[in-house]
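Engineer: coords please:
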Amino acid sequence: MSRHNRPSSQHNRFVASVLLAIALLVIHLPFSHAGWIDEDTPEEARTTTPGEIVPNLPPPKHRRGDDDDDDKKKRKRRREPTQSPTDWPTYYPTSVPSSSPTSVTPEPTQPERVYDLVFSDEFNAPHRTFEDGKDPRWTALEKNDYTNNAQHYYTEKNAYTDTEGNLVIKTEAADTEVVGFNDVKRKKEKIKKHFKSAMLQSWNKFCFTGGVMEAEMALPGKHNIGGLWPAFWLLGNFARHTYVGSSEHIWPWSSSACSDKSRTAQLISACNRVEHYGLHKGVGRGAPEIDVFEVQPGNIKAGKGEFREMPVGQPFLSSSYQVAPGRVPRPGAGWWPAPGQWYSNLTGGMNTSLNIAFYGSYNHFLDDTDPASQDYWSDAISYNRQLNESHFGKMHRYRVEWDLPDKKGNKENNYTETFGYIRWFLDDEFILEIKGEGLKAAGTGGEISSEPMYMLLNTAISSQWGFPKCPAACPCSAYDCHGGFQETCGFAGGFCDTLNPGAEYKINWVRVYQDKNDPKQKVGCSTTERPTKTFIEAHEEKYMRAGDVHPLKPIRKGGGTCSLTPPTDEIYPESCGGSSHGVCSLKNKLPLCECHEKWTGPHCMNPEGYDDIIWEHRETLGDLGFWGPSFGQGMGIGLVVCVLLGILLAAPVVLKMGRRRMEGYRSVEYEPEV
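Structural biologist: Model prediction:
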């Protein structure tokens, strides 16, 4: 039969192609980012504007006195790298000494920038948990922490929502036996961790590039007792924290300069000229770190002990940008930098100080064969901000604003290259600004991050953070609140009491905003400019524990066992989250949860979340081999109108399918979960 006698088959193929085009268009249309927004977020919190920069005041002037000559001699600074203190004034040392004056960002002359909400989690549903496979936004780790001399084990059971609308991260003195790798003996051995805590990550689930992140939270423990290490931070998606293999030669690189050091020390450097794993040639990649805060409680005041040269003491928060490659030469820990020895274009706020106690890390990895070329310094550009008793146990707002560098510029600035910035705030009070111009001037090749970054919330316990100086006759080799003198003598007084029954880090909400008029700001863990998906899939073993099938389990929508006659309709797993979340029904003779729209997880306890736009691998009809027939102008316009009408009709169905695809949707016919 000739093809002219088969109109129905040709018509069916054409209709199928048009429907496929509609589906692809719907999936990739730039919808507002409603997929990550919690419906409980108040309307007045759905937009935000930039914070106000109020820099610290300069040191007070005074008349020249008889003792000024002596003071001048004392404050004279050496131009070579400092090996001893340089008596830099400690009353207002919030600007880093440099060869050129530190600039303050001028007041904007354009209309005030507005950021729209793209992510929120209000944590209002009680009894919510975050085990792998349950929550689209967060994953609670069930894993030992090998980093930073950690004394704790992260367990998923210590992260949950309470009945007051808070996420709770609980830290307690409790034992866990784990099999760890001894770096000295180079073998696995069974060890016991004496503390349990929790870490939530949005790794490979929710990431964003540029914008504003803010949270309201109450810090755990006591303000004057050291030992806890609560943190709120961002990390590039290429590194999954505590999975140390994923970080080697990745953390905290942010450089697209090809140099002798980056060629050998940066895993994905700008020197690469081959596009493996979908990565772009000539673009250096890594996992820089933005710490909204790392908090150190304690009772050592400014001007005393290790803070003798600083106007900020314990308790404090440290806001930092950690970036590689680092500067060489560099200041010594505890000393103020000599001119040109540290970064310019830093501006500190009131009650802040450059953190001279820590300038960064020297990174060496045991498997490297050529340490001279593969080792590298990373820098911690950080300021400390004084805290007080009210920040522990009471809610305060912490915020970071992150603007991306732009080599091409835009129409508003006559297409002039810009270098980005990061700004920190506490309760709307300015803490710190780091401008990208300062990183460029340093000459290392480092820059403000353009990487998709994910969120982390955790409380750690480390003997290198806030623990007192080891007292005489104390070995300080083991720390256990339930042990004898040998195991308890290294703690700060009262530390173990703060963990009975547990220290609670409470988070009321987390929100992320972006400027919809800035095309560089995106939501997604793998974007067109900075893809990560294929690389991670090709190196999955670096991002998961031994025995895991994949780094993350798919999110189950329903299928958890439940009660057909629950004692209450309130939000509990047994009631499938109550009638507003789901329903318990018989499936294969088993009572299993079926979730309503907008709720997911085995027991329908977790709000849905998904990316509205999938940036990578945007299929076109040409990619699929369909080019379509040729139409005249009139028919072409008619077809466009029909396609648009089809999009409007098909959007709800296709969007639901796309959402399920993003969530790793599984039907309730899968094996039940108790």
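Engineer: which stretches in the stretch 201-350 of the chain count as helices?
Structural biologist: Assigned helices in the stretch 201-350 of the chain, in chain order: 260-265 (criterion: DSSP state H, counting those that start in this stretch).
Engineer: output the lowest mean pLDDT helix or strand found in this structure.
Structural biologist: Lowest by mean pLDDT, DSSP states H and E among the helices and strands of the chain is helix 68-74, with a mean of 44.
Engineer: after that one, which helix or strand is next?
Structural biologist: Once the chain leaves helix 68-74, the next helix or strand it forms, by DSSP states H and E, is strand 115-121.
Engineer: off-centre distance for that next one?
Structural biologist: 15 Å (C-alpha atoms, centre = their mean, to the nearest Å).
Engineer: next one: stretch 142-156
Structural biologist: Centroid displacement of stretch 142-156 relative to its chain, using C-alpha atoms, centre = their mean, is 18 Å.
Engineer: once you drop chain neighbours, what's closest to residue 290?
Structural biologist: Spatially, and ignoring its direct neighbours in sequence, residue 290 is nearest to residue 234 (4.3 Å; C-beta to C-beta, 6 or more residues apart in numbering). (Each C-beta comes from the backbone N, C-alpha and C, glycine too.)
Engineer: was I right about residue 388 contacting residue 315?
Structural biologist: Yes: checked against C-beta atoms under 8 Å, the pair residue 388 and residue 315 is within contact range at 7.2 Å.
Engineer: neighbour count: these two, which is higher?
Structural biologist: residue 315 (25 against 10; other C-beta atoms under 10 Å).
Engineer: related to what we said a few turns ago, give the residues shared as contacts by residue 388 and residue 315.
Structural biologist: residue 223 (C-beta atoms under 8 Å, 6 or more residues apart in numbering).
Engineer: residue 525 is in contact with residue 614, correct?
Structural biologist: No: counting by C-beta under 8 Å, residue 614 sits too far from residue 525 to count as a contact (10.6 Å).
Engineer: higher neighbour count, those two?
Structural biologist: Neighbours per residue (other C-beta under 10 Å) separate residue 614 from residue 525, with residue 525 holding more: 27 against 18.
Engineer: spit out the contact partners of that one.
Structural biologist: Counting by C-beta under 8 Å, 6+ apart, residue 525 makes contact with 203-207, 237, 452, 454, 532-533.
Engineer: one more: residue 247?
Structural biologist: Counted by C-beta under 8 Å, 6+ apart, residue 247 has contacts 239-241, 287.
Engineer: most neighbours, which of these?
Structural biologist: In terms of neighbour count, residue 287 stands highest of the contacts of residue 247 at 27 neighbours, by other C-beta under 10 Å.
Engineer: what's the local residue count around residue 600?
Structural biologist: Neighbour tally, residue 600, other C-beta under 10 Å: 31.
Engineer: quick one, phi/psi of it?
Structural biologist: The phi/psi pair for residue 600 (degrees, to the nearest 10) reads phi -150, psi -170.
Engineer: that one contacts residue 559, doesn't it?
Structural biologist: No: contact criterion C-beta under 8 Å: residue 600 and residue 559 do not qualify, at 10.6 Å.
Engineer: buried stuff in stretch 551-562?
Structural biologist: Residues 551-552, 555-562 are the ones in stretch 551-562 that count as buried (16 or more other C-beta atoms under 10 Å).
Engineer: distance between that stretch and the chain's centre?
Structural biologist: For stretch 551-562, the distance to the chain centre is 24 Å (C-alpha atoms, centre = their mean).
Engineer: that one - what's its average pLDDT?
Structural biologist: For stretch 551-562, the mean pLDDT works out to 97.
Engineer: that stretch: end-to-end distance?
Structural biologist: 28 Å (C-alpha to C-alpha, to the nearest Å).
Engineer: repeat for stretch 347-357
Structural biologist: Termini of stretch 347-357 sit 18 Å apart (C-alpha to C-alpha).
Engineer: and if you look at stretch 279-290?
Structural biologist: Note: stretch 279-290 ends 23 Å apart using C-alpha to C-alpha.
Engineer: swap in stretch 385-401?
Structural biologist: One end of stretch 385-401 to the other measures 17 Å (C-alpha to C-alpha).
Engineer: mind listing what's buried in that stretch?
Structural biologist: Going by 16+ other C-beta under 10 Å, stretch 385-401 has these buried residues: 385-387, 391-392, 395-396, 398-401.
Engineer: show me the shaky parts of the chain.
Structural biologist: Scanning the chain for pLDDT under 70 picks out 1-33, 57-110, 181-186, 617-674.
Engineer: nearest the geometric middle of it, what residue?
Structural biologist: residue 234 (2.2 Å; C-alpha atoms, centre = their mean).
Engineer: ok, that one - contacts?
Structural biologist: 213, 289-292, 400, 453-456.
Engineer: one step back: joint contacts of residue 600 and residue 559?
Structural biologist: With C-beta under 8 Å, 6+ apart, residue 600 and residue 559 have no common neighbours.
Engineer: ok, residue 420 to residue 239 distance?
Structural biologist: Counting by C-beta to C-beta, to the nearest Å, the gap from residue 420 to residue 239 is 20 Å.
Engineer: what do you get for residue 384?
Structural biologist: Using C-beta to C-beta, residue 384 is found at 25 Å from residue 239.
Engineer: check residue 188 too.
Structural biologist: Distance, residue 188 to residue 239, by C-beta to C-beta: 23 Å.
Engineer: what of residue 562?
Structural biologist: From residue 562 to residue 239 the distance is 38 Å (C-beta to C-beta).
Engineer: what is the nearest of the contacts of residue 234 to residue 123?
Structural biologist: Of all the contacts of residue 234, residue 455 has the smallest distance to residue 123: 13.5 Å, by C-beta to C-beta.
Engineer: correct me, but the closest one touches residue 201?
Structural biologist: Yes: between residue 455 and residue 201 there is a contact at 7.3 Å, judged by C-beta under 8 Å.
Engineer: got the contacts of residue 234 as TSV, with distance to residue 279 columns?
Structural biologist: TSV is the format used below for these (distance: C-beta to C-beta, whole Å):
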residue	distance to residue 279
213	26
289	21
290	22
291	27
292	28
400	27
453	17
454	19
455	24
456	24
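Engineer: what about the nearest residue to residue 525 once chain neighbours are set aside, distance to residue 446?
Structural biologist: Of all residues not flanking residue 525 in the chain, residue 207 sits nearest, at 3.8 Å (C-beta to C-beta, 6+ apart). If you measure residue 207 against residue 446 using C-beta to C-beta, the figure is 21 Å.
Engineer: look up how far residue 309 lies from residue 219.
Structural biologist: Residue 219 is 26 Å from residue 309, by C-beta to C-beta.
Engineer: ok, the two, which is more surrounded?
Structural biologist: Neighbour count, other C-beta under 10 Å: between residue 219 and residue 309, residue 219 has more, with 28 against 19.
Engineer: does the more buried one have beta-bridge partners, and which?
Structural biologist: Listed by DSSP bridges, the beta-bridge partners for residue 219 are residue 392.
Engineer: is it in contact with residue 296, as I believe?
Structural biologist: No: here residue 219 lies out of contact with residue 296, judged by C-beta under 8 Å, at a distance of 10.6 Å.
Engineer: list the residues that contact residue 222.
Structural biologist: 297, 392, 494, 498.
Engineer: repeat for residue 482
Structural biologist: The contact partners of residue 482, by C-beta under 8 Å, 6+ apart, come to 173, 175, 194.
Engineer: residues near residue 342, how many?
Structural biologist: 22.
Engineer: what of residue 112?
Structural biologist: Residue 112 has 7 nearby residues by other C-beta under 10 Å.
Engineer: please name the residues that touch it.
Structural biologist: Per C-beta under 8 Å, 6+ apart, neighbours of residue 112: 49-50.
Engineer: what residues sit buried inside stretch 293-309?
Structural biologist: Applying 16+ other C-beta under 10 Å to stretch 293-309 flags 293-300, 302, 307, 309 as buried.
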